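1. would you be able to build a 3D model of this:
(chains A and B)
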Amino acid sequence: MTDAGIKGRLVSAVRDFGWPRVIIFIFVVLLFLAAPFVGVSVSASLSDVLNRFGQNAVMVLALVPMMQAGAGLNFGLPVGIIAGLLGATLAVQFGLTGWVGFLAAIVLCLPFAIGFGWLYGRLLNKVKGEEMTIAMYVGFAGVTFMSIMWIILPYTSPNMVWGYAGTGLRTTITLDGYWTRILNDFLAVRIGQFFIFPTGVLLFFGLAALGMRLFMRSRTGTAITAVGSNPDFARAGGVSADRMRTISVVVSTVYGAIGILVYQQSFGFIQLYNAPLYMAMPAVAAILLGGASVNKASLVNVMVGTFLFQSILTMTPSVINSILQTDMSEVIRILVSNGMIIYALTRKSKVTK
Amino acid sequence: MKKPILLRTIFADNLVVVIFLVITAAAVPVSGLPLLSIAQEIVTRIGRNAFLVFSLILPIMAGMGINFGMVLGAMAGQIGLIFAVDWNIVGVPGLIFASMIGVPIAALLGWMAGEVLNRARGREMVTGFILAFLMDGVYQFVVLYLMGFIIPLHSITIKLSRGYGVRNTLNLDAVRQTLDRLIPLKIGGLTFPIANYLVMAVLCIFIVWFRKTKLGQDMRAVGQNQVVSHAAGIPVERTRILAIVISTIFACIGQIIFLQNMGNMATYNAHKQTGFFAAAAILVGGASIAKATIPNVFVGVVLLHLMYIVVPRAGTNLFGSAMIGEFFRDAFSYGVIALALVLHAWRKRANADSARSGLRGGAAGNRTEPPATIAAADAGAGK
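-> Prediction:
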């Protein structure tokens, strides 16, 4: 970098960040700029983006520990999601509502998340190098297996089971009267006509992120990062790679479980059966969009990525449709999210090798 | 080289097949389906699905694992069929026409996929899987927006009412089961789609022949060890790309054969499960992600489809709910793929561990205690 002109530095910054991310970033900016001209309210959209940011960010956060530990992208996030679903359905079954219900759901999902995460982590330790493909199929198998369980398990709450049969959980269960939007509406501030700042859900994300930051900075967290960066070095330093990887998977699964609870309260429904099948994809795409590589992720990546990704999801249906008079948002979503994952998987990162 | 044949070794090597066989065998009587109709279904489904499964063999041989990117070929085949229906070319010529359109597209997509996978060494499978998702977006863009807009469509019946884009369900009346019925043969109440079987026989001969060619040998060498192959002057990247190109072309033809039997095509969904079914079939047939043979394909297709036929009925009879049976077969197929992948990865590691401890003179190897039985059993079988 001899000619350290502004141009040279800009080019190298773009190269570090990756041109697909820059293009998408410019795309998002253009979407916001174009919005007023096609009659889309920027403040309402921004409010929407913030809500969806809070809704999804905890699940994106869940990916950080495993990536840092060198276990790759957690396509097995549905394992954690299943634990969250168990927690939520149990809380509804016990008839707990409001804050008590939401907090109870979190507490109830923890033992499942830790248990599942531990088993899942042990499995991934046995298959180093093939984690991602196997994680994907373990997730699929778990989701479809739980589909059987949703039918068989002896839930009785009339709000959850099929009306005519009296057994088996419904495909979607409404959280109305339980904890719908309990975080989103908590301390929500209305500014202007359309803009509502969802303080509660962002606060919750802040707490979760703080927890993650403290964890990653702790002794264990540092050891996890060491294992991810250089396993041999870590072993020489007396760190058990397998143990650290297992811990990272457990933390990831727990965050996945809490993440789906946050998602549900914002969405208003518990989605069962095949719904969690592909839920890892948007989270993975988001964190990669934020600048993470397969084996390196930070909280900044999570926040930037989720914001950008949710902006695209929110803005393309309204803005692009107004411009082109046709619904292309689905295609754009597929191309952006999967293109981002492919880009990250094919990129030679310095940490990987 | 020669190892003593132990019952336990055979069992461990074919754990996936054995589990599958036991569950399916238990479900056959419970389902209450007459054996003749099960047999007819199996005969039809071999003709329908096996070609798609064959497309996975070459990438496995080239050490690239299961080519989930074969879905790209399936999309190419569907585009071919759309044109065949649009131009109203009926019967077997329609299928040939569809292949003529589809194969070049498949070759192009396969070449691109190969390039991508070459940049993702060591994680080809997951990359192929996501690549299929990505190209699904491109496929949707082309078929839903460009067809009838930039790419001309003549037939009004396949166009969406808004004037461009292809309808969600495409009626394949023009080519429905034309290949299946080309050479009819009935034996004792069973109808055999002989033409399908002939096409497949040609494919099998091709694969057997191909393995013996220079390129086939190169592929195996690359599958064994890329560094050594490179040192030996084999163009590693090109060989890997060719494996994917051929696989994608096979998948294209396979999807055309599959859809002509089905008789209609869910334009935007027909390809989505292709990779999953093919992967499940070949793994159930006893293949690993490093070794696959022609018998694996046939055994796998028969077993997988036997399960798909009997398990939902068995579920209905046992639990009074068809849904349980359907979820069970999905869970089971996903589980089998996961199990096969886990077993393979586990063995590979055990082999590496034992090789490493061998280098250290064996004495230092007690640290990680490699599972000795499997490692020993596979030292011969792995290569």
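
2. B:A232 and B:V222: what is the separation?
-> As defined by C-beta to C-beta, to the nearest Å, B:A232 lies at a distance of 10 Å from B:V222. Heads up, the C-betas are built off the backbone N, CA and C, glycines and all.

3. oops, could you answer that again for A:Y343 instead?
-> Going from A:Y343 to B:V222 by C-beta to C-beta gives 25 Å.

4. tell me the SS of B:G286?
-> Following DSSP: H, G, I helix; E, B strand; the rest coil, B:G286 is assigned to coil.

5. correction: the previous question concerned B:L182.
-> Here B:L182 is coil, with the state taken from three-state DSSP.

6. now do the same for the closest residue to it other than its chain neighbours: its pLDDT.
-> In space, and not counting its chain neighbours, B:L182 is closest to B:A195: 3.9 Å by C-beta to C-beta, 6 or more residues apart in numbering or on different chains. B:A195 is assigned a predicted lDDT (pLDDT) of 89.

7. tell me which element the residue in the stretch 201-350 of chain A that chain B sits nearest to falls in.
-> Taking C-beta to the nearest C-beta as the measure, the point where the stretch 201-350 of chain A comes nearest chain B is A:I334, at 3.2 Å. Taking DSSP states H and E as the definition, one finds A:I334 inside helix A:329-346.

8. for that helix, name the packing helices and strands.
-> Counting contacts by 3 or more C-beta pairs under 8 Å, 6 or more residues apart in numbering or on different chains; DSSP states H and E, helix A:329-346 packs against helix A:19-34, helix A:280-289, helix A:299-315, helix B:124-140.

9. how far off helix A:19-34 does that helix point, in degrees?
-> If you take axes from the mean of the first three to the mean of the last three C-alpha atoms, to 10 degrees, helix A:329-346 sits at 150 degrees to helix A:19-34.

10. and the average pLDDT for helix A:329-346 is what?
-> 87.

11. cool, and stretch B:15-31?
-> On average, stretch B:15-31 scores 85.

12. same question for stretch B:347-359.
-> Averaging pLDDT along stretch B:347-359 yields 78.

13. distance from the chain centre to that stretch, please.
-> With C-alpha atoms, centre = their mean, to the nearest Å as the basis, stretch B:347-359 stands 30 Å off its chain's centre.

14. buried residues in it?
-> The neighbour-count check on stretch B:347-359 (16 or more other C-beta atoms under 10 Å in any protein chain shown) flags B:347-351, B:353-354, B:357 as buried.

15. do the same with stretch A:90-102
-> A:90-93, A:96-97, A:101-102.

16. got the contact list for it?
-> With contact meaning C-beta atoms under 8 Å, 6 or more residues apart in numbering or on different chains, stretch A:90-102 is reached by A:104-105, A:108, A:155-157, A:159-160, A:173, A:175, A:177-179, A:182-183, A:261, A:265, A:270.

17. now the terminal residues of that stretch, how far apart.
-> Length of stretch A:90-102, first residue to last, C-alpha to C-alpha, to the nearest Å: 11 Å.

18. off-centre distance for the host helix or strand of A:L119?
-> Using DSSP H and E, the element containing A:L119 is helix A:98-126. Relative to its chain's centre, helix A:98-126 lies at 15 Å (C-alpha atoms, centre = their mean).
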